[in-house]
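Visitor: pasting the sequence and the predicted coordinates here, then a few questions.
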Amino acid sequence: MTNHFRQLTLPWLIALSLMLLFTALWYHYESKIMQRAQVQQYTASLQFSIRPLLANKNPDLLKAQLNHLRYASVLPVSAIAVYSDTGRLISGTDKAALLPRFQPEQMQHEFHLLHEAGTLFAVQPMSSSAASSGYDEVIAGQNDNYYVVVQLDAPGNYSVWLVPVLVVAMLGWGALLAMHGSIGRVSQRQQTDISLLVHKLSQLKQGQLNSRLDDELVPELAPLKLALNELAGQQITNRSRDDTEKNQLKQQIAELTQSLVSEKQQSVQVQKLYEQSKQQQLQQILQLRQLTQQQAVIPDKLLRQALHSQLTLAELTQASEPEPLTQLVLTEYVARQLPHYRNILAAQNLTLQLNEAAANAVHQLALPESLLTMLLTALLRLSSHSDGITELTLNMQLSVTCTTGSLLLSVTGNGDGLLASVKQQLVNPGPRSTDWQDSDSQIVTLIANKLNAAIEVQSLEGLGSTVSVRISIADCQPLQVKRLNHLLLFDQLPRLTERKAALGSLVANVAQSSDLAELQHKAEQYQYDAALIFLPEPAGLAAWLELIQRLTEKTKVLCYAEVDCIQMWREALGVAITEEPFCLAELQQIKTADNAKLPKLLVVDDNPTNLAFIQMLLKLQPLELTTANCAQQALQLCALQQFDVILLDIQLPDMHGTEVARQLRQMQAYQLTPILAFTAHALAEEVASFKAAGMNDVIFKPLEVNKLQQILHWCSSVKTDNTGQ
């Protein structure tokens with residue numbers, strides 16, 4: 001800051017000099033203005049004083065008056081004279097002769113102040129009109145304009161303007177002295193603040209923590225103060241971080257010490273577990289020896305199953321890593337595992353039934369496949385140990401909400417129910433049992449714990465049993481599957497409703513039947529995509545042979561039968577018959593042709609009640625139904641798409657039915673399409689007119705079941721022979 005003020009000293013001196021010069025010039029100019037005003041005022045007063053004397057025509061008196069006025073003036077007047085406009089001296093003071101000759105070149109009307117050789121001359125024009133008329137006689141024949149000339153000494157005293165200049169100079173010098181003192185004080189304070197900063201920096205260098213600067217410094221050193229305080233703060237932070245790191249190191253050392261102690265303890269525990277594992281292995285070897293000794297009383301297949309169960313149980317017990325998840329479609333999984341399930345039950349000559357949910361085929365879920373296989377195998381085995389059992393039913397029911405689901409796995413057996421030890425192990429798991437029949441129940445409980453699943457047991461003596469495991473599925477993704485348009489289903493057992501519900505995700509329309517005559521009738525109605533037939537006890541073999549042969553010619557036929565009668569059916573029908581159970585994956589392998597599409601039926605009637613009744617009757621039939629309420633709408637629909645059969649009302653509001661039939665026959669696409677007249681009554685002549693208009697048949701109102709079969713017959717015939725009748 002001191003250097004800054006030193007740099008400003010020369011500009012300040014120049015400014016002070018200019019200020020002094022300006023003050024002197026200003027006072028000089030102001031003095032001249034005031035001098036001119038005083039002289040002008042003085043000459044004006046002379047006019048008023050000498051005008052009366054000009055009228056008296058006494059030059060001596062005028063001269064005496066002029067001398068008086070000269071001496072009485074406060075101005076430095078040397079001489080006063082009065083001249084005519086021709087330059088003639090009228091009168092003057094004692095020294096008037098010293099005045100230069102006054103000779104105006106032209107008439108003057110204003111006051112003039114002239115400077116000549118250090119002398120001031122004031123010329124004041126004066127008109128004679130201000131004097132009395134008597135004066136004209138004195139200067140007869142002359143001009144009446146006069147001039148008063150006043151000679152003044154030029155002022156030689158500069159004190160008038162020099163004093164203000166000196167005052168200003170003294171004030172400026174005082175200001176410079178004050179500034180210099182201020183600069184000195186500021187410089188001294190800067191030196192003090194710099195010494196304080198140096199001291200604080202020395203403290204920082206020595207690592208002292210109390211080196212923060214809180215004193216006020218000059219503004220120029222404020223950034224250094226902030227930087228110093230930041231360094232002090234960083235030093236405190238670093239010291240705190242160092243202390244924290246030291247504490248952490250101490251804590252880590254303590255943890256490592258504790259870890260070493262813990263590892264020693266774990267080593268002791270591992271040694272104990274090793275001893276326990278050896279004892280378990282010895283116990284398992286003992287169990288296997290017992291099973292080997294029991295070979296005489298346990299069939300070979302059951303013995304192999306028991307050994308397999310013991311091995312599976314040992315693997316589950318020793319496993320520590322979680323099983324990996326696999327993306328599964330339950331229908332495909334069941335199809336792969338079905339031969340394995342049959343082998344499990346073959347040792348005891350048990351039959352297996354399979355119930356699948358419709359969602360099983362259209363969703364993919366994430367499950368550990370190995371655990372799922374072990375679980376289902378164990379469920380089938382433990383349920384097969386009941387006395388008096390002949391049949392097991394495996395249920396796999398998947399229910400999905402958004403992307404989460406629940407999988408219910410259950411095995412139901414008839415027989416006398418579960419063994420008491422098996423039921424106890426499932427309901428209230430306890431210590432491991434050494435009985436070979438309890439291995440499967442222990443497998444179920446272990447896998448349920450791994451999958452966080454819930455186990456439910458229902459068992460009544462003499463009424464059978466059901467063991468259920470419900471698994472929560474976190475990830476269920478929908479799948480796009482190809483659906484069959486129409487399927488013919490036959491089953492005499494009470495499972496018909498369940499089978500139809502399971503087919504809902506794979507088949508759009510299911511025509512079900514539980515009677516042979518009804519099955520024959522439905523088989524003649526339509527060419528189905530596939531026929532799924534669960535054969536009953538062998539009876540009426542000739543009728544069955546004829547029916548199966550007729551169906552085989554038109555569609556894919558899947559036949560299933562029980563094990564005890566499957567050979568008889570194969571010999572009687574000469575077709576492939578599969579042993580139950582049926583799985584949905586077999587239906588997904590059927591490939592449909594284009595001719596398996598549903599026939600399109602157009603019903604034209606102006607009565608809304610008739611249309612609603614027809615829609616209700618044909619809702620579940622194998623066809624696509626379209627309705628129209630007038631002839632114009634029917635013709636527009638026929639122009640836009642191709643219908644296979646047309647049921648046409650005769651009495652329409654805008655056109656007679658026969659005229660509509662004639663217009664349809666003129667269309668290239670409808671020359672061979674069956675057109676059925678739909679009327680409440682008709683005479684023989686009217687029926688003939690219907691036929692003449694191009695109609696194929698007549699169906700009378702109201703529509704009944706037997707008339708419905710007549711419509712379905714025409715719909716079925718167009719799929720095999722589009723020529724009509």
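Guide: Happy to help now that I have it. Numbering: from 1, shown residues only.

Visitor: and the host helix or strand of residue 396, what's buried?
Guide: Here residue 396, judged by DSSP states H and E, is contained in strand 391-401. By 16 or more other CB atoms under 10 Å, the buried positions in strand 391-401 come out as 392, 393, 394, 395, 396, 397, 398, 400. To be clear about C-beta, it is placed using only N, CA and C from the backbone, and glycine gets the same treatment.

Visitor: which of those residues sit farthest apart?
Guide: Within the buried residues of strand 391-401, 392 and 400 form the most distant pair, 26.2 Å apart (CB to CB).

Visitor: what residues go with each domain of this protein?
Guide: Structural domains annotated on the chain: 2-159, 308-350+364-387+408-478, 484-593, 598-720, as defined by automatic domain parsing.

Visitor: just after the worst-scoring helix or strand of the chain on mean pLDDT, pick out the following helix or strand.
Guide: Here the helix or strand of the chain ranked lowest by mean pLDDT, DSSP states H and E is helix 135-138, holding a mean of 38. Counting by DSSP H and E, the next helix or strand C-terminal to helix 135-138 is strand 145-153.

Visitor: what are the buried residues along that following strand?
Guide: Neighbour count says strand 145-153 has 145, 146, 147, 148, 149, 150, 151, 152 buried, by 16+ other CB under 10 Å.

Visitor: closest to residue 315 among those?
Guide: Nearest to residue 315, judged by CB to CB, of the buried residues of strand 145-153 is residue 152 at 141.9 Å.

Visitor: nearest residue to the closest one in space, please, no chain neighbours.
Guide: Of all residues not flanking residue 152 in the chain, residue 120 sits nearest, at 4.2 Å (CB to CB, 6 or more residues apart in numbering).

Visitor: need the three-state assignment for that neighbour.
Guide: strand (DSSP: H, G, I helix; E, B strand; the rest coil).

Visitor: OK, contacts around it?
Guide: Contacts for residue 120 (CB atoms under 8 Å, 6 or more residues apart in numbering) come out as 35, 39, 113, 114, 151, 152, 153, 154.

Visitor: helix, strand, or coil at the first one?
Guide: Secondary structure of residue 35, reduced to three states by three-state DSSP: helix.

Visitor: that one and residue 75, how far apart?
Guide: Going from residue 35 to residue 75 by CB to CB, to the nearest Å gives 9 Å.

Visitor: swap in the fifth one?
Guide: The gap separating residue 151 from residue 75 is 11 Å, by CB to CB.

Visitor: circling back to that earlier point, closest one of the buried residues of strand 391-401 to residue 543?
Guide: Residue 543 lies nearest to residue 393 out of the buried residues of strand 391-401, by CB to CB, at 30.2 Å.

Visitor: now for that closest one: which residues touch it?
Guide: The contact partners of residue 393, by CB under 8 Å, 6+ apart, come to 352, 353, 354, 355, 411, 412, 413.

Visitor: what about the third one, how many residues nearby?
Guide: Burial of residue 354 is recorded as 18 neighbouring residues (other CB atoms under 10 Å).

Visitor: cool, the fourth one as well?
Guide: Neighbours of residue 355 under the rule other CB under 10 Å: 17.

Visitor: other SSEs contacting the longest helix belonging to the chain?
Guide: Ranked by number of residues, the top helix in the chain under DSSP state H is helix 222-293. In this structure, helix 222-293 makes packing contacts with helix 159-205, helix 300-318, judged by 3 or more CB pairs under 8 Å, 6 or more residues apart in numbering; DSSP states H and E.

Visitor: any idea how far the residue lying closest to residue 474 once chain neighbours are set aside is from residue 471?
Guide: The shortest distance from residue 474 to any non-neighbouring residue, by CB to CB, 6+ apart, is to residue 404 (6.1 Å). Per CB to CB, residue 404 is found 12 Å from residue 471.

Visitor: neighbour-wise, which of these two wins?
Guide: Shown here are residue 404 and residue 471; by other CB under 10 Å, residue 471 has more neighbours (21 against 13).

Visitor: confirm that one sits in a strand?
Guide: Yes: per three-state DSSP, residue 471 lies within a strand segment.

Visitor: that one and residue 453 touch, don't they?
Guide: Yes: in this structure, residue 471 is within contact of residue 453 by CB atoms under 8 Å, at 4.5 Å.

Visitor: just the pLDDT at the closest residue to residue 408 other than its chain neighbours, thanks.
Guide: Excluding the flanking residues, the one nearest residue 408 by CB to CB, 6+ apart is residue 397, at 4.4 Å. Confidence at residue 397, expressed as pLDDT, is 91.

Visitor: check contacts around residue 397.
Guide: 355, 356, 357, 360, 407, 408, 410.

Visitor: that older thread, including pLDDT and distance to residue 487, could the contacts of residue 120 go into a markdown table?
Guide: Shown next, in a markdown table, are the contacts of residue 120 (pLDDT from 0 to 100; distance: CB to CB, whole Å):
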| residue | pLDDT | distance to residue 487 |
| --- | --- | --- |
| 35 | 77 | 137 |
| 39 | 81 | 141 |
| 113 | 77 | 139 |
| 114 | 77 | 142 |
| 151 | 80 | 150 |
| 152 | 80 | 145 |
| 153 | 75 | 148 |
| 154 | 65 | 143 |
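
Visitor: which one of these is nearest to residue 226?
Guide: Distance to residue 226 across these (CB to CB) is lowest for residue 35, with 65.0 Å.

Visitor: please report how far that closest one lies from residue 41.
Guide: As judged by CB to CB, residue 35 and residue 41 stand 11 Å apart.

Visitor: and the contacts of residue 397, which are buried?
Guide: Looks like the contacts of residue 397 have 355, 356, 357, 360, 407, 408, 410 buried, using 16+ other CB under 10 Å.

Visitor: tally of neighbours for the nearest residue to the last one once chain neighbours are set aside?
Guide: Excluding the flanking residues, the one nearest residue 410 by CB to CB, 6+ apart is residue 468, at 3.9 Å. The criterion is other CB under 10 Å. On that basis, residue 468 has 18 neighbouring residues.

Visitor: so who does residue 468 touch?
Guide: Listed by CB under 8 Å, 6+ apart, the contact partners of residue 468 are 408, 409, 410, 455, 456, 457, 458.

Visitor: can you put the contacts of residue 393 in a markdown table and add secondary structure?
Guide: Output for these, formatted as a markdown table (three-state DSSP):
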| residue | secondary structure |
| --- | --- |
| 352 | strand |
| 353 | strand |
| 354 | strand |
| 355 | strand |
| 411 | strand |
| 412 | strand |
| 413 | strand |
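
Visitor: these, buried ones only, as a ChimeraX selection?
Guide: Only the buried entries of the contacts of residue 393 go into this ChimeraX selection, using 16+ other CB under 10 Å:
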select :352,354,355,411,412,413
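
Visitor: which one of the contacts of residue 393 sits closest to residue 125?
Guide: Nearest member of these to residue 125, counting by CB to CB, is residue 355, at 146.0 Å.

Visitor: please compute how far stretch 501-508 lies from its chain's middle.
Guide: The gap between where stretch 501-508 is centred and where its chain is centred comes out at 39 Å by CA atoms, centre = their mean, to the nearest Å.

Visitor: so for that stretch, what's the average pLDDT?
Guide: 86.

Visitor: thinking again about what came up before, for the contacts of residue 397, which one is nearest residue 241?
Guide: Each of the contacts of residue 397 was checked against residue 241 using CB to CB; the closest is residue 407, at 55.3 Å.

Visitor: now that closest one, what's its secondary structure?
Guide: Assignment for residue 407 (three-state DSSP): strand.

Visitor: quick one: contacts for it?
Guide: Counted by CB under 8 Å, 6+ apart, residue 407 has contacts 330, 365, 367, 396, 397, 398, 470, 471, 473.

Visitor: so where's the stretch 101-250 of the chain shaky on pLDDT?
Guide: Applying pLDDT under 70 to the stretch 101-250 of the chain flags the ranges 101-108, 117-118, 127-144, 154-165, 207-211, 213-214, 218, 220-221, 225.

Visitor: so how many other residues sit close to residue 639?
Guide: The burial count for residue 639: 11, using other CB under 10 Å.

Visitor: for it, what is the enclosing helix or strand?
Guide: Counting by DSSP H and E, residue 639 is found in helix 631-640.
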